[in-house]
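Engineer: here are the coordinates; sequence isn't available:
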């Protein structure tokens with residue numbers, strides 16, 4: 001299956017999502033690894049089985065085994081970190097920001113792929129999960145590492161479109177008549 005199969009699964013009212021999905025995966029200035037790692041990591045963060053299956057299969061055509069695992073690792077570590085850091089931020093007591101997290105996060109330091117690529121995937125997953133503190137942190141690392149704002153924005157567009165596809169398909173599944 002593929003991006004095209006996923007686009008075909010989207011209903012007519014999601015024409016913008018269909019077009020954007022095709023666009024973000026075919027006209028990106030991101031490197032192949034950056035793009036498809038972002039696609040895979042955000043598909044996993046979307047939690048939609050159809051989106052994950054369709055996009056993981058195509059991402060496998062573009063990513064090395066190490067990059068595929070690292071993208072999965074970015075989705076996994078950010079699932080934990082986004083909850084923790086968003087919660088400590090939303091509590092409103094800055095003392096929490098000074099306390100050690102005491103959560104194992106070794107993959108961030110040694111992801112098995114280019115550090116900036118992994119950071120980009122973490123940023124995109126953080127966008128899907130809505131963690132402002134993580135977005136700020138990963139964006140700073142990316143910008144300090146030399147990535148342009150335009151490339152950061154591309155990863156955010158990928159995250160937005162993959163998430164839109166997942167939400168649309170989840171909604172359609174929920175609205176479908178139950179079969180017994």
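Structural biologist: All right, it came through fine. None of these values were measured; they are calculated from a predicted model.

Engineer: Follow the chain on from the lowest-mean-pLDDT helix or strand in the chain and name the next helix or strand.
Structural biologist: Counting by mean pLDDT, DSSP states H and E, the chain has its least confident helix or strand at helix 106-109, which shows a mean of 90. Sequence order places helix 115-129 as the next helix or strand after helix 106-109, per DSSP states H and E.

Engineer: now the protein, which segments are flagged as low pLDDT?
Structural biologist: By pLDDT under 70, the low-scoring segments of the chain are 1, 180.

Engineer: helix, strand or coil for the residue most central in space within it?
Structural biologist: A centroid search over the chain (C-alpha atoms, centre = their mean) returns residue 42, at 2.3 Å, as the residue closest to the centre. Under DSSP: H, G, I helix; E, B strand; the rest coil, residue 42 falls in the helix class.

Engineer: what about it, distance to residue 69?
Structural biologist: Distance of residue 42 to residue 69, given as C-beta to C-beta, to the nearest Å: 16 Å. Where you see a C-beta, it was placed from the backbone N, CA and C, and this is true even at glycine.

Engineer: List of residues touching stretch 68-83?
Structural biologist: With contact meaning C-beta atoms under 8 Å, 6 or more residues apart in numbering, stretch 68-83 is reached by 36-38, 40-42, 44-45, 59-60, 63, 103, 105, 107-108, 111-113, 117-118, 121-122, 125-126, 129-131, 134.

Engineer: Just the buried residues from the residues you listed, in PyMOL please.
Structural biologist: In PyMOL syntax, the buried subset of the contacts of stretch 68-83 is picked out as below (16 or more other C-beta atoms under 10 Å):
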select buried, resi 36+37+38+40+41+42+44+45+59+63+107+108+111+113+117+118+121+122+125+126+129+131+134
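
Engineer: three-state assignment of residue 179?
Structural biologist: Three-state call for residue 179 (three-state DSSP): coil.

Engineer: burial count for it?
Structural biologist: 4 (other C-beta atoms under 10 Å).

Engineer: where's it relative to residue 69, distance?
Structural biologist: 37 Å.

Engineer: which helices and strands does the least confident helix or strand of the chain pack with?
Structural biologist: For helix 106-109, the elements it packs on are helix 65-90, helix 115-129, judged by 3 or more C-beta pairs under 8 Å, 6 or more residues apart in numbering; DSSP states H and E.

Engineer: relative to helix 65-90, how tilted is the last one?
Structural biologist: Interaxial angle of helix 115-129 relative to helix 65-90 (axes from the mean of the first three to the mean of the last three C-alpha atoms, to 10 degrees): 50 degrees.

Engineer: which helices and strands sit right next to helix 115-129?
Structural biologist: Using 3+ C-beta pairs under 8 Å, 6+ apart as the test, helix 115-129 ends up in contact with helix 32-46, helix 65-90, helix 106-109, helix 132-144, helix 149-175.

Engineer: Since that was my last question, I'll sign off now.
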